[in-house]
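A.B. asks: Sharing a sequence plus its predicted fold:
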Amino acid sequence: MGSTQKDVQVSYDVSNDFFRLWLDERMNYTCGVFEGTDNLEEAQVKKLNIIHDFAHLSPDKRVLDIGCGWGANIEFMALDKGVKDVHGVTLSPAQFEEIKRRNIPGVTAHCGNFFDYEPAEKFDALTSICMIEHVCSPEEARNGKAVELYRNYFKRAHAITKKGAWFGLQSILRNFVPRSQKDIRDIGWVTYAIFPGGITPRMEEIVQAVNPYWEIMEVKTRREDYGKTCWHWRDRLRKNEALIKDKWGTQVFDDYDRYLSACVTGFEKHYQSLAQWSLRRID
């Protein structure tokens with residue numbers, strides 16, 4: 001169902017040092033918010049603040065970050081926002097190693113599948129930033145299983161939370177179908193070569209799937225912000241071209257330059273967008 005650990009390792013376990021070269025200093029691998037800034041570091045903090053607010057977090061809340069990556073969001077919640085009881089789950093061993101290296105006070109992390117994760121006690125709030133893209137595979141989407149799989153994700157999120165919980169969710173969205181042959185090839189290649197086992201959901205699929213577990217209280221789209229984020233990533237990647245080719249090989253550089261270029265084009269041409277959701281648990 002969706003991305004396996006082997007798939008996730010293709011996407012995220014290239015090398016922590018490789019990603020550190022071209023992501024922001026916190027290692028957010030998701031869309032920043034460029035309201036009032038052109039700086040990637042500031043844009044990522046703005047994004048983290050929005051997800052924090054959409055989850056209605058406060059220092060006394062117990063929170064889980066689903067798909068916590070290299071730890072940017074859990075570190076932000078614990079250190080910047082003073083949330084005392086922060087947990088994360090990732091399927092990537094390399095990301096888990098980075099979280100352990102950071103040794104963040106008040107934070108625990110688990111390396112494993114979210115659907116198998118059994119917390120010691122239920123959570124007051126959830127956050128998840130661009131993990132739902134791994135819940136359904138392209139094959140499953142073609143077979144009409146997407147809404148069922150996303151609903152199972154929201155059902156699991158409901159089961160591990162307390163009454164009155166809020167959920168700050170961020171997800172890439174699948175919009176228009178590419179018409180040019182080059183764009184079709186590039187978008188398809190990214191899907192299978194960079195993020196095997198996953199596919200971005202359509203907005204209407206999430207709207208259907210949250211029921212009967214979560215109520216959509218607020219949603220904000222960020223298509224242009226994600227295009228700008230990918231431009232910054234590609235710019236930083238290209239500035240490190242010689243180092244990347246020397247350390248990880250020409251093919252890695254070429255693949256990631258093609259992938260990020262396809263993303264810049266995809267957001268520009270409305271093939272993809274991004275949504276931030278504030279969800280309230282239906283009790």
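C.D. replies: All right, it came through fine. The structure presented is a predicted model; accordingly, all values stated were derived computationally and were not measured.
A.B. asks: so what's the spatially most central residue of the chain closest to, chain neighbours aside?
C.D. replies: The chain has residue 130 as the residue nearest its centroid, 2.1 Å off, counting by Cα atoms, centre = their mean. Residue nearest to residue 130 in three dimensions, not counting chain neighbours: residue 30, with 4.4 Å by Cβ to Cβ, 6 or more residues apart in numbering. For glycine as for every other residue, the C-beta is placed from the backbone atoms N, C-alpha and C.
A.B. asks: Could you pull out the buried residues of stretch 255-271?
C.D. replies: Going by neighbour count (16 or more other Cβ atoms under 10 Å), the buried part of stretch 255-271 is 255-256, 258-267, 269, 271.
A.B. asks: Could you do stretch 183-190 as well?
C.D. replies: Buried-residue list, stretch 183-190, by 16+ other Cβ under 10 Å: 183, 186, 187, 190.
A.B. asks: Roughly how far does the second one sit from residue 222?
C.D. replies: Right, the one you point to is residue 186. Residue 186 sits 22 Å away from residue 222, going by Cβ to Cβ, to the nearest Å.
A.B. asks: For the protein, which strand extends over the most residues?
C.D. replies: If you go by DSSP state E, the chain has its longest strand at strand 161-174.
A.B. asks: what helices or strands is that strand leaning on?
C.D. replies: helix 40-54, strand 123-129, strand 272-281 (3 or more Cβ pairs under 8 Å, 6 or more residues apart in numbering; DSSP states H and E).
A.B. asks: residues in contact with the helix or strand following that strand?
C.D. replies: Going down the chain from strand 161-174, the next helix or strand is helix 181-189, by DSSP states H and E. With contact meaning Cβ atoms under 8 Å, 6 or more residues apart in numbering, helix 181-189 is reached by 178, 258, 259, 261, 262, 265, 266, 269, 271.
A.B. asks: circling back: let's have the helices and strands packed on strand 161-174 in a markdown table, adding mean pLDDT and distance to residue 162.
C.D. replies: Listed next are the helices and strands packed on strand 161-174 as a markdown table, based on pLDDT from 0 to 100; distance: least, Cβ to Cβ, whole Å:
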| stretch | mean pLDDT | distance to residue 162 |
| --- | --- | --- |
| helix 40-54 | 98 | 17 |
| strand 123-129 | 98 | 6 |
| strand 272-281 | 98 | 8 |
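A.B. asks: for these, which one ends up most surrounded?
C.D. replies: Of those, the one with the most neighbours on average (mean count of other Cβ atoms under 10 Å) is strand 123-129, at a mean of 24.
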